[in-house]
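K.L.:
3D model of this:
(one chain, ligands or ions: 1)
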Amino acid sequence: MTASGQHGHSGYVVAIVGATGLIGQTLLTVLAERNTPIRELRALATDGQGRRVRFRGDEIPVQAVGADTLAGADVVFMAATKEASERWGPWAAERGSLVIDKSSRFRMDPDVPLVVPEVNAHAIGSKRLIASPNCSTIQLVMALKPIADHREIRRVLVSTYQAVSGTGRDAVEELDRETRADVAGEPAPTPAIYPYPIAFNVIPQCDAFGDLDFDGEEWKLVRESQKILERPLQLSATCVRVPVRVGHSESVYLELDRPADPEEVRAWLAAMPGVEVVDDPSRRRYPTPLMAAGRDTVLVGRIRRDPHRPEGLHLFVVSDNLRKGAATNAVQIMEAVMGR
Ligand SMILES: NC(=O)c1ccc[n+]([C@@H]2O[C@H](COP(=O)([O-])OP(=O)(O)OC[C@H]3O[C@@H](n4cnc5c(N)ncnc54)[C@H](OP(=O)(O)O)[C@@H]3O)[C@@H](O)[C@H]2O)c1
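P.N.:
Model prediction:
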C-alpha cells in the first residue's frame, strides 16, 4: 500500500470522516480485523496538520474533509460531529456514496433507516444514507429483540452506567487527568467536558436536559428504540456517566404481557446473533465493562424474575460502546449493503 492508502485494484474506496477520533480509530481497527476489501482508505478530519493514522500497518496521511477528498468514495463513514454529518452526509449520498452516519443528525429522520443489522437489516431498503444508533440504544435493542419476539413488552425501565469514551477522546483525557491528580494528592483540575469531576464520581446526566427534565441521551434511548423495534415501546431511562473508560452497562427492567421463565429468556438471548449470555450467579459470572471491552458481542446477565410480579424481568446488559456501540455496527451495515 502507498502512503495515500492505495491497496491494489480490487476493493472499495472508503473515507472515514473523523478518522483521528475514538470512533474513527476503532473503525480502522475493525475494518482491518474483518479484512474488509479496501483499495483506498481516506482518513479525513477537520484538517490534516501533518497527522497520520495507522491502517493495516501503513501510515496514512490525514486530510481535510471536503468535496475533493470525498469525491468518488464508495463508502463514507461519518464519525465526526452532527454538523459535519449535516454538511457532508447528504452531499456524498447524492453523489452515489453509501454513507453510514454515526452522529445523531439523521437518526429520527423518517427517510433515513436507523439500523442494527441483527435487529432490522430489512429497514435499509435501497437507501444510500443510513444512520447507526446511539451506543446505549444498540446494546439495549440487541437484548430486547429476542424477548420481543416471544412476549409483548409492556414497559421498559433502564438505568445506564456509561463510559467516558462515549463522550469522545477529550472526555477520556479528562478522566485520566483527574485520576492522576487525585492519586498524586494534587488539587482537582477544573472539569472541561463534564459539569462535575468524573473521576471517583457518578454523574446522572449524559446530555443536555430536555422535555420533562429527561436528558437528550434518555430521549435517544426512547425514540431510537421505538423506531428500530417498530413499536410504541413504553420506555423510560435514567442515563448516568461513570468513571469507566470503555463499556456501557445497563440495568434493564421489563414488564411483559405474561411471565417468562429466566431459563427460557437465557435460551432466547443465547440464540440471538451478537449476544452472549454471561449469567451464572453461583460462580459469580455476570457481565462487566472490562469483560466487554475489545469485544463485539453484547453481554447479558443477572437475568431474574421480579419477586413481586411474575411478569417482571431484570437484565444487566454490557457492551463495548466504541465497537458494537459504534464502529462494528457501522461496518456491519456496510457489509449488509455490499454483501447483497
Ligand atoms: N464515542 C462513542 O461511544 C460514540 C458512540 C456512538 C456514536 N458516536 C458518535 O460518533 C461521532 C464521533 O465520536 P468520537 O467519540 O469518535 O469523537 P472524538 O473522539 O471527539 O473525535 C471526533 C472526530 O471528529 C473530527 N471532527 C470534528 N469536527 C469535524 C469537522 N467539522 N469536520 C471533520 N471532522 C471533524 C475530529 O477531527 P480533528 O482531529 O481534526 O479534531 C475527530 O477525528 C460523534 O458524532 C458521536 O456522537 C460516538
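
K.L.:
and residue 315, what element?
P.N.:
Using DSSP states H and E, residue 315 falls within strand 312-319.

K.L.:
is the ligand within reach of that strand?
P.N.:
No. Between strand 312-319 and the ligand, judged by CB under 6 Å from any ligand atom, nothing touches; the nearest distance is 10.2 Å. Every residue, glycine included, has its C-beta placed from N, CA and C.

K.L.:
for the helix or strand where residue 144 lies, packing partners?
P.N.:
Residue 144 is located in helix 135-148, with elements delineated by DSSP H and E. The contact analysis (3 or more CB pairs under 8 Å, 6 or more residues apart in numbering; DSSP states H and E) places helix 135-148 against helix 117-120, strand 153-161, helix 216-229, strand 248-256, helix 262-270, strand 275-277, strand 298-305, strand 312-319.

K.L.:
buried residues in stretch 103-117?
P.N.:
Buried residues in stretch 103-117, counted by 16 or more other CB atoms under 10 Å: 103, 104, 105, 106, 107, 112, 113, 114, 115, 116, 117.

K.L.:
show me the contacts for residue 257.
P.N.:
151, 152, 153, 154, 311 (CB atoms under 8 Å, 6 or more residues apart in numbering).

K.L.:
what's the strand holding residue 315 in contact with?
P.N.:
135, 138-140, 142-143, 147, 247-256, 260, 262, 265, 286-289, 291-292, 297-306, 325.

K.L.:
give me the buried subset of the residues you listed.
P.N.:
With burial judged by 16+ other CB under 10 Å, the buried subset of the contacts of strand 312-319 is 135, 138-140, 142-143, 147, 247-252, 254-256, 260, 265, 286-287, 289, 291-292, 297-303, 305, 325.

K.L.:
restrict those residues to those near the ligand?
P.N.:
135, 325.

K.L.:
can you get me a residue count around the residue nearest to residue 254 when sequence neighbours are not counted?
P.N.:
With CB to CB, 6 or more residues apart in numbering as the criterion, residue 254 has its nearest non-adjacent residue at 4.6 Å, and that residue is residue 313. Residues lying near residue 313 (other CB atoms under 10 Å) number 23.

K.L.:
now for the residue of the stretch 1-150 of the chain found nearest the ligand: which residues touch it?
P.N.:
Ranked by CB to the nearest ligand atom, the top residue of the stretch 1-150 of the chain for proximity to the ligand is residue 21, at 2.0 Å. Each residue near residue 21 by CB under 8 Å, 6+ apart is listed here: 45, 79, 80, 168, 169.

K.L.:
how close does the second one sit to residue 250?
P.N.:
I take that to be residue 79. As for residue 79, its distance to residue 250 is 23 Å (criterion: CB to CB, to the nearest Å).

K.L.:
near the ligand, which residues of the chain show up?
P.N.:
Proximity of the chain to the ligand (CB under 6 Å from any ligand atom) is limited to residues 17-24, 45-46, 65, 79-81, 83-84, 102-103, 134-135, 165-166, 168-170, 321-322, 325-326.

K.L.:
go with 5 Å
P.N.:
Residues of the chain lying near the ligand by CB under 5 Å from any ligand atom: 18, 20-23, 45-46, 65, 79-81, 84, 102-103, 135, 166, 168-169, 321, 326.

K.L.:
and those residues, which are buried?
P.N.:
18, 20-23, 45, 65, 79-81, 84, 102-103, 135, 166, 321, 326.

K.L.:
show me the contacts for the residue in the stretch 151-300 of the chain positioned nearest to the ligand.
P.N.:
Residue nearest to the ligand within the stretch 151-300 of the chain: residue 168 (2.8 Å; CB to the nearest ligand atom). Residues in contact with residue 168 (CB under 8 Å, 6+ apart) are 21, 22.

K.L.:
same check on residue 221?
P.N.:
Contacts for residue 221 (CB under 8 Å, 6+ apart) come out as 134, 136, 137, 140, 158, 160, 235, 237, 239.

K.L.:
these two touch, right, the first one and residue 218?
P.N.:
No. In this structure, residue 134 is not within contact of residue 218 by CB atoms under 8 Å, at 10.6 Å.

K.L.:
out of those two, which sits in the busier spot?
P.N.:
Per other CB under 10 Å, whichever of residue 134 and residue 218 has more neighbours is residue 134, with 29 against 25.

K.L.:
nearest spatial neighbour of the more buried one, skipping sequence neighbours?
P.N.:
residue 220 (4.5 Å).

K.L.:
enumerate every residue touching that neighbour.
P.N.:
Residues near residue 220 by CB under 8 Å, 6+ apart: 104, 107, 133, 134, 136, 137, 207.

K.L.:
also residue 132?
P.N.:
So residue 132 contacts 100, 101, 102, 114, 115, 138, 326, 329, 330, 333 (CB under 8 Å, 6+ apart).

K.L.:
redo those residues as TSV? Include secondary structure and pLDDT.
P.N.:
Shown next, in TSV, are those (DSSP: H, G, I helix; E, B strand; the rest coil; pLDDT from 0 to 100):
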residue	secondary structure	pLDDT
100	strand	98
101	strand	98
102	coil	98
114	strand	98
115	coil	98
138	helix	99
326	helix	98
329	helix	98
330	helix	98
333	helix	98
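
K.L.:
I appreciate the help and will end here.
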